[in-house]
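**Student:** coordinates for the following, if possible.
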Amino acid sequence: MGPFQSYPELKPADLSDEYDFIIVGGGTAGCVLANRLGRDPTNRVLVVERGGVTDSWASRVPLFSSDFASDGSRTLKTLSEHQQDLGKRMGLFTGRVLGGTSRINGMLYSRGLPAEYDAWQEAGRQGWGWEDLKPYFLKSEHANYAADPSVHSQKGEWYNSTDDNFQFSGFGRTVEASRDIGLPYISDINSPEHPPFGCGRLHFTRDKNGYRNSTYHAFLPKKLAVERRSHLHVCTYTAVSKVETERFSSGQLQAVGVKLVDENGKTKFVRAKREVVLCEGTFGSPQWYWTVGALEGACINVVKNLPFVGSKLQDHFGVSISFNVPISESLVVLEKRPWILLLELFRYLIFGTGLLLAPVLQLAIFTSSQFLDAKGVPSLTQRAEPHSLPDIETMLIAYETSDETWDKSHGVYNFLNVLLRPASRGTVRLTSQDPFAPLSVVPRYLSDPADYAPLRASLRLSLRIAERMRARGYQIADWRMPEAEDDATLDRYIRRRNRTTFHYASTCRMAPEDDPKGGGVVSDTLVVYAFANLRVADASIFPWVPGTHLQAPAAAVGEKCADMILENLKEA
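**Tutor:** Residues are numbered from 1 along each chain as shown. I've put the predicted structure just below:
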């Protein structure tokens, strides 16, 4: 293989007429799945991705690439329908590129507590408890630091790392202030033994050279794609316009292939000898429902009625409180002092250190609103149960997180208060039979009144921590914050100063079709109901959004799906 060999991207016309496995979507989970199914050269695998490879130097630098609202080459922006409870439309961002959202996110590697997955199992999702999923987290992971081998693996392809020191002193001051009010420091947020509530340093998917290590870089890089190009094909800038089906005499449906269309309108039908797996994410995977069967004029001939496809959309809704800090204590310094940016660029290129290595997020606080008193301080009369789950997370960011214009003559330290267990549910719907047409997304944030109380508690906690930071001598001044702390004032603030945290989930949820909490779309084996060989493997299958960042759980879904498919292949 020559050093300048390009990534082997194919167009529909270049493809074979049949593959054993067709993976629709080369996103966070899709790259994992393609790697595992493609290990055996006798398996012919096709990956269909709407975006491209777009692998530039800047797209690998942590700070430059951690931007959902980037130039659009790797990011798809979907504008939601008008949200009545917020009085606006929301910008929703996902990755449209090989590697999906793992190419543009904050690189956070967090699995969530074991109780997250044990709750899925207790709800009836057999094979999805912590002990079932732990091997899949470990299979992918390559912890690039002195990690506890009982908790982490250093044998997988997917690197993650942590920083010994914070880039700004405000983070260390937050740890001290949190301890002051009763929240302990968590040394390893991915250890099953850590307390459910506390303040912890985050882990990031960066490789040993400090570059972003997305699932594309880890599982489907150029070197591997070239080595396997005889049996693993990657078709970019292409969408699936239709999933063709046949019905057995038993009534069961079989996905026999997909109709592809590229951005120039060129089409091709490709047969699936064994399985079709949808990995287009929480917004993209529900589109299969409207592409299954025959399209007749403006109508869709429904081959299977699954009313909950595209329903039960969840996201971790966030509300910001922002403070002014010295400009040297914030990422604003890179914009206002160009010589600092040049210095940091030099440090990164020569020594692999500095601000460009740093993700926007470095620290997070996890707690339960039930554990906080009326002022937002951990209660002395309540104790966290061993299997308690946090319902709020406070992300600490040395930058402003809203889309509003703001004065950059001061530094910013932001408390992003995140609702981990939203009661509100939204929908994703088709607007056109054109697979490239925008979707109708209705998140329905705050539509359930139960979502206000945890957010109020989180805002009060943020204010108490900031007060302790100030009392300890840190220069942190009030800026964008609530005018008062009564419920009504906080509720108005919540409706005004909010944003998505890009954690979209559960539109093809794994649950029984007649689940009283909202019907399901896929079984515990990720097979779509009534189908023999159509699966979904991405964040859309989560029974409900887990209280953690989603890229590590999504990759584990890809690992588990591959195992189930390969096991099924052995038995065939």
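
**Student:** just the strands in the stretch 1-150 of the chain please.
**Tutor:** 9-10, 18-24, 45-48, 75-79, 91-95, 141-143 (DSSP state E, counting those that start in this stretch).

**Student:** out of the ones you listed, which gets nearest to Asp373?
**Tutor:** strand 91-95 (34.8 Å; CB to CB). In this view, the C-beta of every residue, glycine as well, is placed from N, C-alpha and C.

**Student:** strands paired with the closest one, and their directions?
**Tutor:** strand 75-79 (antiparallel) (DSSP bridges).

**Student:** please export the C-alpha coordinates of the partner strand as PDB.
**Tutor:** Extracted C-alpha coordinates of strand 75-79, given in PDB (Å, rounded to 0.1, in the frame of the first residue of the first chain):
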ATOM      1  CA  THR A  75     -22.100  18.100  10.700                       C
ATOM      2  CA  LEU A  76     -25.800  17.900   9.900                       C
ATOM      3  CA  LYS A  77     -27.900  20.600  11.500                       C
ATOM      4  CA  THR A  78     -31.600  19.800  11.800                       C
ATOM      5  CA  LEU A  79     -33.900  22.700  12.900                       C
END
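
**Student:** and that strand, what's buried?
**Tutor:** 75-76, 78 (16 or more other CB atoms under 10 Å).

**Student:** please identify which of these is nearest to Val45.
**Tutor:** When the buried residues of strand 75-79 are ranked by distance to Val45 (CB to CB), Leu76 comes first, at 24.2 Å.

**Student:** quick check: beta-bridge partners of the closest one?
**Tutor:** On the basis of DSSP bridges, Leu76 is bridged to Thr94.

**Student:** surely it touches Gly95?
**Tutor:** Yes: Leu76 lies in contact with Gly95 (CB atoms under 8 Å); the separation is 7.3 Å.

**Student:** can you give me the distance of Thr427 to Ala539?
**Tutor:** Distance of Thr427 to Ala539, given as CB to CB, to the nearest Å: 16 Å.

**Student:** who has more neighbours out of these two?
**Tutor:** Ala539 (28 against 19; other CB atoms under 10 Å).

**Student:** by mean pLDDT, point me to the weakest helix or strand of the protein.
**Tutor:** Across the helices and strands of the chain, the lowest-confidence element by mean pLDDT, DSSP states H and E is strand 295-296, at a mean of 32.

**Student:** ok, the buried residues of strand 75-79 vs Arg103, which is closest?
**Tutor:** Checking these against Arg103 with CB to CB, the nearest one is Thr75 at 8.7 Å.

**Student:** list the contacts of the closest residue to Glu193 other than its chain neighbours.
**Tutor:** In this structure, Glu193 finds its nearest non-sequential neighbour in Val151, 7.7 Å apart by CB to CB, 6 or more residues apart in numbering. Counting by CB atoms under 8 Å, 6 or more residues apart in numbering, Val151 touches 188, 190-193.

**Student:** am I right that Val151 falls within a helix?
**Tutor:** No: counting by DSSP: H, G, I helix; E, B strand; the rest coil, Val151 is not part of a helix but coil.

**Student:** need the strands of the stretch 1-150 of the chain in TSV (columns: distance to Pro62 and mean pLDDT).
**Tutor:** Converted to TSV, the strands of the stretch 1-150 of the chain look like this (distance: least, CB to CB, whole Å; pLDDT from 0 to 100):
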stretch	distance to Pro62	mean pLDDT
strand 9-10	25	96
strand 18-24	28	98
strand 45-48	26	98
strand 75-79	16	90
strand 91-95	16	92
strand 141-143	17	97
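
**Student:** so for Trp479, which of the ones you listed sits nearest?
**Tutor:** Nearest to Trp479 among the strands of the stretch 1-150 of the chain is strand 91-95; the distance by CB to CB comes to 22.7 Å.

**Student:** show residues contacting that closest one.
**Tutor:** Outside strand 91-95, the residues that touch it by CB under 8 Å, 6+ apart are 27-28, 51, 68-69, 74-80, 100-105, 281-284, 403, 441, 443, 500, 502, 504.

**Student:** list buried residues within the residues you listed.
**Tutor:** Those of those that meet the buried threshold are 27-28, 51, 68, 74-76, 78, 80, 100-105, 281-284, 441, 443, 500, 502, 504, by 16+ other CB under 10 Å.

**Student:** about what we covered before: out of the strands of the stretch 1-150 of the chain, deepest packed?
**Tutor:** Among the strands of the stretch 1-150 of the chain, the stretch with the highest mean neighbour count (mean count of other CB atoms under 10 Å) is strand 45-48, at a mean of 27.

**Student:** partners of that one in the sheet?
**Tutor:** Using DSSP bridges, strand 45-48 pairs in its sheet with strand 18-24 (parallel), strand 232-235 (parallel).

**Student:** with distance to Gln475 added, can I get those strands in JSON lines?
**Tutor:** Below are the strands paired with strand 45-48 laid out as JSON lines (distance: least, CB to CB, whole Å):
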{"stretch": "strand 18-24", "distance to Gln475": "51"}
{"stretch": "strand 232-235", "distance to Gln475": "51"}
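
**Student:** out of those, the one nearest Ser59 is which?
**Tutor:** Ranking the strands paired with strand 45-48 by proximity to Ser59 (CB to CB) places strand 232-235 first, at 17.1 Å.

**Student:** hmm, who's touching the closest one?
**Tutor:** Strand 232-235 is contacted by residues 7-12, 14-16, 19, 26, 34, 38, 45-49, 98, 220, 225, 260 when judged by CB under 8 Å, 6+ apart.

**Student:** now the top strand by length along the chain against strand 18-24, angle please.
**Tutor:** The residue-count maximum for a strand in the chain (DSSP state E) belongs to strand 267-278. Interaxial angle, strand 267-278 versus strand 18-24 (axes from the mean of the first three to the mean of the last three CA atoms, to 10 degrees): 70 degrees.

**Student:** just how off-centre is the following helix or strand past strand 267-278 within its chain?
**Tutor:** Per DSSP states H and E, the first helix or strand lying C-terminal to strand 267-278 is helix 281-284. Computed by CA atoms, centre = their mean, to the nearest Å, the chain-centroid distance of helix 281-284 equals 11 Å.

**Student:** what packs against helix 281-284?
**Tutor:** strand 91-95 (3 or more CB pairs under 8 Å, 6 or more residues apart in numbering; DSSP states H and E).

**Student:** can you do 10 Å?
**Tutor:** Helices and strands touching helix 281-284, by 3 or more CB pairs under 10 Å, 6 or more residues apart in numbering; DSSP states H and E, are helix 28-37, strand 75-79, strand 91-95, strand 427-429.
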